[in-house]
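1. Build me a model from this:
(2 chains)
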Amino acid sequence: MSELQKRQIQLEVLRYNPETDTAPRYQTYSVPCLEEWVVLDALNYIKDHLDPTLSYRWSCHMAVCGSCGMMVNGEPKLACKAFIHEYKEGQIKVEPIANFPIERDLVTSVEDFITKLASVKPYLIPKEDKPVSAGEFKQTPAELKKFKQYTLCINCMLCYAACPQYALVPEFLGPAAISMAHRYNQDSRDGGRDQRQEVVASDEGVWECSFVGACSEVCPKHVDPAGALQQVKVASTIDWYKEHLMPWMKR
Amino acid sequence: MNSKPYVREVSKTTWFLSHPRYQRYMAREVTCIFIMAYTFLLICALGSLADGPDAFQEFLNALRGPWGVLFNVAVLAATVYHSATWFNVTPQAMPIQRGEEFVPGHLIVGAHYGVWAVVSLIILVWGM
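-> Below you'll find the model as predicted:
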């Protein structure tokens, strides 16, 4: 690559060292970026050439692992999918993903999300056990299509960073966890909805959502968590009516 | 591990100023106040009706005044915005799968506008 295709970008990066700092600060790095670079490439350049103390998470560099979620100019983005050429002004502010405590620099503590995700039992709970000899659980293409979009979630937590409800009410179960519950509830092979509803349909569950829709706007995999949550609300409302107005009807 | 995670505080009152998408959301929510105000106006109408024909006529005259018209125009604008923003997200909340494919979102949104137009027309004709 020739020098001509490079552009000098000022990367303003949030720094926080838990051992010495009481509050985060910003450090600006001047990075010679190639036009096809993403923000993650620029961070790797800083790490390799300018400042080896910079901490951040990344792995796949292809929007699959969900590790490099960050705030890029205030917008929740995967650093591997945020192209430098989209930031014409030559100044990019990089901060850790919002709404999660900062461990160090761009690394956040994700325990809260992991705990919430586990609480919705995001795995197949078969309606009934059957021996391997009985064969596979069959599914039609239409049944697959019903939930396939939600399987694309990579747990990057950008939806939590965008969600003002989660920012204001940290107890909120949140977009990705409820979308995952919905994904398995919609699966024709699954029979675990009643077990998930206890958490999902609680006050801190889907009813904290006020359909801001920010989660779906920032989702890098077009999962549409906001849609999933509204569908969960509709289904939970139907449950309530069945239980209170038609108690003789067993769900 | 000597870990001391730093928690960034979020303002409980000004959070929505931080991004245009939050402002759009608040705009949608604020339209509820206009709808509430109009509901209050209807209650006032019932109140004046109960007070007799003269009181009701006075109420109607007040509605025809500049403030009454201005109020109605403002409520109409807010209600249209409220309805349109909700209609536009209906495909997310109510996807319809026919066979393998999902019905395109614009058809679901369009159906809502269609029903809205028909119902409005019926009320308009009936009220004439």
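2. When you work out contacts or count neighbours from here on, use the C-alpha atoms and nothing else.
-> Will do.
3. Adjacent strands (with direction) for the helix or strand hosting residue A:8?
-> Under the criterion of DSSP states H and E, residue A:8 resides in strand A:6-15. Strand A:6-15 sits in its sheet next to strand A:25-34 (antiparallel), strand A:91-96 (parallel), going by DSSP bridges.
4. Tabulate those strands (CSV), appending mean neighbour count and mean pLDDT.
-> Below are the strands paired with strand A:6-15 laid out as CSV (neighbours: other Cα atoms under 10 Å in any protein chain shown; pLDDT from 0 to 100):
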stretch, mean neighbour count, mean pLDDT
strand A:25-34, 17, 97
strand A:91-96, 22, 98
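5. Tell me the buried residues in the strand holding residue A:8?
-> A:7, A:9, A:10, A:11, A:12, A:13, A:14, A:15 (16 or more other Cα atoms under 10 Å in any protein chain shown).
6. now do stretch A:139-148
-> When neighbours are counted by 16+ other Cα under 10 Å, the buried residues of stretch A:139-148 are found to be A:143, A:145, A:146, A:147, A:148.
7. Please tell me how far the most centrally placed residue in chain A sits from chain B.
-> In chain A, the C-alpha closest to the average C-alpha coordinate belongs to residue A:157, at a distance of 2.4 Å (Cα atoms, centre = their mean). Residue A:157 is 17 Å from chain B, where distance means Cα to the nearest Cα, to the nearest Å.
8. That residue touches residue A:176, doesn't it?
-> Yes. The pair residue A:157 / residue A:176 is scored as a contact, 7.2 Å apart, by Cα atoms under 8 Å.
9. thinking again about what came up before, residues in contact with the strand holding residue A:8: which ones?
-> Residues from elsewhere that reach strand A:6-15 (Cα atoms under 8 Å, 6 or more residues apart in numbering or on different chains): A:24-35, A:54, A:90-96, A:104-106.
10. cool, stretch B:100-112 as well?
-> With contacts defined as Cα under 8 Å, 6+ apart, stretch B:100-112 is touched by A:141, A:142, A:143, A:145, B:87, B:88, B:89, B:90, B:91, B:95, B:96, B:97.
11. what is the rounded mean pLDDT of that stretch?
-> Mean pLDDT, computed over stretch B:100-112, is 97.
12. ok, back up a step: quick check, nearest of the buried residues of strand A:6-15 to chain B?
-> Closest to chain B out of the buried residues of strand A:6-15 is residue A:15 (11.1 Å), distances taken as Cα to the nearest Cα.
13. Which residue, other than its chain neighbours, is closest to that closest one?
-> In space, residue A:15 comes closest to residue A:105 once its chain neighbours are excluded; the distance is 4.2 Å by Cα to Cα, 6 or more residues apart in numbering or on different chains.
14. give the contact list for the one you found.
-> A:14, A:15, A:16, A:17, A:24, A:54, A:55, A:56, A:96.
15. Please state the backbone phi and psi of residue A:208?
-> Torsion angles at residue A:208 (phi, psi; degrees, to the nearest 10) stand at phi -80, psi -20.
16. Return the set of buried residues in stretch A:98-118.
-> Residues of stretch A:98-118 classed as buried: A:98-109, A:113, A:116-117 (neighbour count, 16+ other Cα under 10 Å).
17. Which of the residues you listed sits closest to residue A:169?
-> Closest to residue A:169 out of the buried residues of stretch A:98-118 is residue A:99 (10.3 Å), distances taken as Cα to Cα.
18. ok, now how distant is the closest one from chain B?
-> Residue A:99 is 7 Å from chain B, where distance means Cα to the nearest Cα.
19. what's near enough to touch that residue?
-> Applying Cα under 8 Å, 6+ apart, we find residue A:99 in contact with A:160, A:161, A:166, A:167, B:8.
20. In helices only, show me the residues you listed.
-> Judged by DSSP state H, helices contain the following of the contacts of residue A:99: A:160, A:161, A:166, A:167.
21. for the first one, what are its contacts?
-> Taking Cα under 8 Å, 6+ apart as the contact definition, residue A:160 lies against A:98, A:99, A:166, A:167, A:174, A:175, A:176, A:215.
22. So it versus chain B, what's the distance?
-> Taking Cα to the nearest Cα as the measure, residue A:160 falls 14 Å from chain B.
23. which ones are touching the closest residue to residue A:39 other than its chain neighbours?
-> In space, and not counting its chain neighbours, residue A:39 is closest to residue A:79: 5.1 Å by Cα to Cα, 6+ apart. By Cα under 8 Å, 6+ apart, the contact list for residue A:79 reads A:38, A:39, A:40, A:68, A:69, A:70, A:72.
24. now the spatially most central residue of chain B, what's its secondary structure?
-> Centroid-nearest residue in chain B, with Cα atoms, centre = their mean: residue B:82, separated by 3.1 Å. The three-state label given to residue B:82 by DSSP: H, G, I helix; E, B strand; the rest coil is helix.
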